[in-house]
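J.: starting from these lines, generate the structure:
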Amino acid sequence: FRVILRNGATLVEKGMVQDTMYIVASGTVFTSLDDQDNVTLSPSFNKRRSFSAIYGGGFLFSEALRGEPGSFVAPVSVNSSGLSILYGLKRVDFDEVMGMSP
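T.: So this is what the prediction gives:
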């Protein structure tokens, strides 16, 4: 399915249970962490008080497909910077396609 986000629109709210992976087709989306967030990204990022990541066309958010269905809770919010078009694939649809593969 296609998702069109306007500038500043939120794709994923921090703390939401996620079951969809997203591919950024065009535009940019961003995540941000501040010192209130307790998220482990990597040793270099953990040393910073704040962090923002910007993702453009072709980037894939697939963390929601890891682990058991319904077990992934978004550690950060994902917001649009300008007009962004993404495509989403629900976990159940992904599992169905993977089940067709020999």
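
J.: report the central residue of this structure.
T.: Averaging the C-alpha coordinates of the chain gives a centre point, and the residue nearest to it by Cα atoms, centre = their mean is Phe61 (4.3 Å).

J.: can you verify my assumption that that one contacts Tyr22?
T.: Yes - assessed by Cβ atoms under 8 Å, Phe61 is found in contact with Tyr22 at 4.5 Å. Where you see a C-beta, it was placed from the backbone N, CA and C, and this is true even at glycine.

J.: other SSEs contacting the helix or strand harbouring Val97?
T.: Using DSSP states H and E, Val97 maps to helix 91-100. When contacts are defined as 3 or more Cβ pairs under 8 Å, 6 or more residues apart in numbering; DSSP states H and E, helix 91-100 sits against strand 20-33.

J.: list the buried residues in the strand it packs on.
T.: For strand 20-33, burial by neighbour count (16 or more other Cβ atoms under 10 Å) applies to Thr20, Met21, Tyr22, Ile23, Val24, Gly27, Thr28, Val29, Thr31, Leu33.

J.: that older thread, ok, and what's touching the helix holding Val97?
T.: With contacts defined as Cβ atoms under 8 Å, 6 or more residues apart in numbering, helix 91-100 is touched by Asp19, Thr20, Met21, Ala64, Leu65, Pro69.

J.: any chance of JSON lines for these, columns distance to Ser84 and pLDDT?
T.: Below are the contacts of helix 91-100 laid out as JSON lines (distance: Cβ to Cβ, whole Å; pLDDT from 0 to 100):
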{"residue": "Asp19", "distance to Ser84": "20", "pLDDT": "90"}
{"residue": "Thr20", "distance to Ser84": "15", "pLDDT": "91"}
{"residue": "Met21", "distance to Ser84": "16", "pLDDT": "90"}
{"residue": "Ala64", "distance to Ser84": "18", "pLDDT": "78"}
{"residue": "Leu65", "distance to Ser84": "21", "pLDDT": "78"}
{"residue": "Pro69", "distance to Ser84": "26", "pLDDT": "78"}
